[in-house]
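Colleague: below are the sequence and a predicted model for it; my questions follow.
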Amino acid sequence: MAKVIEGLYYAESHEYVRVEGEFGYVGITDYAQDQLGNVVYVDMPEVDDEVTAGEEFGAVESVKAASDLFCPVSGTVVEVNEALEDEPELVNQDAFENWIIKVRLSDPSELEALLDAKAYEAICE
Amino acid sequence: MSDKRTCLYERHIALNAKMVSFGGFEMPIQYTDITDEHVAVRTACGVFDVSHMGEVLVTGPEAERFVQHIFTNDIAGAPVGKIFYGMMLHPNGGTIDDLLVYKEGDERFFLVINAANIDKDYNWIELQAKNFDVVTENQSEYYGQLAVQGPKAEAVVEKVLGLACEELVFYTFKKMEVDGETIIVSRTGYTGEDGFEIYGSHAFTQKNWDKLIESGEAKPCGLGCRDTLRFEVGLPLYGDELTDDLTPIEAGLGMFVKVDKEEFVGKEVVARQKIEGVTRKIVGIELEGRAIPRHGYEVVVNDEVVGEVTTGYNSISTGKSVCMALVKIEFAKLGTPVQVRIHRKLQNGVVIKKRFYDKSYKK
């Protein structure tokens, strides 16, 4: 059974946002990493890139396939998780600990359109 | 049209395999994990259900002349028990399929073709056979097939299956009588490792699959690692590196095209390409970073698209991101710097030999 954490915001496309102040840490959920299998590459944007809610910002790749990442929130990328460049498998080890990008949120009201843990858990069943 | 199932379908489901559609069949892509299955074949032994492959028997007084007519390799004077790899071509040189030809006798040849091409191939074979004194029979529905692959394959086939295969040399086969039926065991495969392919009835295939799985000596392996294994050693997959629009010369497989032969369909075009050269070619490309080139991605030089990726992976055996790609001939030379567009970004790479890992066949 995939892990779902209380207090995060979830997208139906299986990304999460953990909000800390004006920033959001965006990654893929435990359910998503489990479905993908071993992650062998994470394609990430660059710092200062703009991301838009609902639009693609990168990809996580298993041996066989690339899955696009969709950003649940809009804003500016202030940091990317560089550890994933050399150790993409960290996403499998702990998807919630190993976020992919840190975004300065440009419109925090977008969070209201996302799912809470309970609602997200329901769509993973 | 819904996908067909092989005689091992229920066993794949029981092993919790992830099933996908491939070549008109519902096939296991992986049982546990592509990487684990890949490593099992490189280091020990894996078993694949390849019952989706097609088989065609050609018999008759003109069987050899007929096979020579539809096949690019030269089987003249071959001993019984020998196997040849080659292609069937359209008159314009495009590739209908790549296949194996097993010489069972002077008037008897067994052709092994790709699952996705069974109908296309057999229609072509029947059409061509009209001008020859031969009988063709599509036996694809009868045969199941197991591929037992890896450095321990010989020991596993001998001990677990009780089939004497030790004396078989690479690309030869023998027929055996087992449980009242004639089966075929060949020292062939599609992984770059030593191994065997075993053809028999559905009942035989099921029984021997069960023996292998129950013994724990052969890991069940899906089509996912079959593709990563064949790719690493530079073997083509029909649909990626060979197509109706691509000749074997363009695919870099000229060694299996014997233009000294008197005649075969497509000879004129490929013989000319061998002399005059080609305008595009399948090459290997190694990238600097880990980004993964995949089928259809653009190959770029100085902002100009010069080709496209046919197969690519982050190689499981070497950790490098590599691909095969069809590029304009000006950019096919070893050492040529090229880029591949991956997720909008251009990744730097260089043209290398399309063998990313050394084969370890038992010759």
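Modeller: Received, thanks.

Colleague: counting contacts, what elements does the helix or strand harbouring B:Glu26 pack onto?
Modeller: Assessed by DSSP states H and E, B:Glu26 sits inside strand B:25-30. Applying 3 or more Cβ pairs under 8 Å, 6 or more residues apart in numbering or on different chains; DSSP states H and E, we find strand B:25-30 packed against helix B:9-14, strand B:18-22, helix B:223-232. Glycine gets a C-beta too; all of them are placed from N, C-alpha and C.

Colleague: and the angle for whatever helix or strand comes next after it with helix B:223-232?
Modeller: Moving toward the C-terminus from strand B:25-30, the first helix or strand encountered (DSSP H and E) is helix B:34-43. With axes from the mean of the first three to the mean of the last three Cα atoms, to 10 degrees defining the directions, helix B:34-43 sits at 50 degrees from helix B:223-232.

Colleague: quick one: the helices in the chain?
Modeller: In the absence of a named chain, chain A is used. A:30-36, A:83-86, A:90-93, A:117-123 (DSSP state H).

Colleague: hm, I was asking about chain B
Modeller: Using DSSP H, the helices assigned to chain B run over residues B:9-14, B:34-43, B:63-70, B:118-129, B:153-159, B:202-215, B:223-232, B:267-276.

Colleague: tell me the buried residues in the fourth one?
Modeller: Right, helix B:118-129. Across helix B:118-129, burial judged by 16 or more other Cβ atoms under 10 Å in any protein chain shown covers B:Ile118, B:Asp121, B:Tyr122, B:Trp124, B:Ile125, B:Gln128, B:Ala129.

Colleague: quick check: angle from it to helix B:63-70?
Modeller: Using the same axes, to 10 degrees, helix B:118-129 lies at 110 degrees relative to helix B:63-70.

Colleague: give the other helices and strands that helix B:118-129 contacts.
Modeller: strand B:54-59, helix B:63-70, strand B:83-89, strand B:95-105, strand B:135-138.

Colleague: got the ones you listed as a markdown table, with distance to A:Phe70, mean pLDDT and mean neighbour count columns?
Modeller: As requested, the helices and strands packed on helix B:118-129 are exported to a markdown table (distance: least, Cβ to Cβ, whole Å; pLDDT from 0 to 100; neighbours: other Cβ atoms under 10 Å in any protein chain shown):
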| stretch | distance to A:Phe70 | mean pLDDT | mean neighbour count |
| --- | --- | --- | --- |
| strand B:54-59 | 41 | 98 | 21 |
| helix B:63-70 | 50 | 98 | 21 |
| strand B:83-89 | 43 | 98 | 23 |
| strand B:95-105 | 39 | 98 | 21 |
| strand B:135-138 | 47 | 98 | 16 |
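
Colleague: B:Asp303: which of those is closest?
Modeller: The minimum distance between B:Asp303 and these falls on strand B:95-105, with 31.5 Å, by Cβ to Cβ.

Colleague: need the pLDDT of residue 73.
Modeller: Answering for chain A, as no chain was given. Predicted confidence (pLDDT) for A:Val73: 97.

Colleague: I was thinking of chain B, sorry if that wasn't clear
Modeller: pLDDT at B:Asn73 comes out at 98.

Colleague: stretch B:125-136: how far from the chain's middle?
Modeller: Relative to its chain's centre, stretch B:125-136 lies at 25 Å (Cα atoms, centre = their mean, to the nearest Å).

Colleague: now do it: everything it contacts.
Modeller: Residues from elsewhere that reach stretch B:125-136 (Cβ atoms under 8 Å, 6 or more residues apart in numbering or on different chains): B:56-63, B:65-66, B:69-70, B:88, B:111, B:122, B:265.

Colleague: same thing with stretch B:176-186?
Modeller: Defining contact as Cβ under 8 Å, 6+ apart, one finds that stretch B:176-186 is touched by B:83, B:102, B:110, B:157, B:163-165, B:168, B:171-175, B:196-201, B:204, B:207.

Colleague: isn't B:Arg226 right up against B:Gly189?
Modeller: No. Look at B:Arg226 against B:Gly189 with Cβ atoms under 8 Å: they stay out of range, at 9.6 Å.

Colleague: from A:Ser67, how far off is the residue nearest the centre of chain A?
Modeller: In chain A, the centroid-proximal residue (Cα atoms, centre = their mean) is A:Gly27; its distance is 2.0 Å. Shown here: A:Gly27 relative to A:Ser67, a distance of 13 Å by Cβ to Cβ, to the nearest Å.
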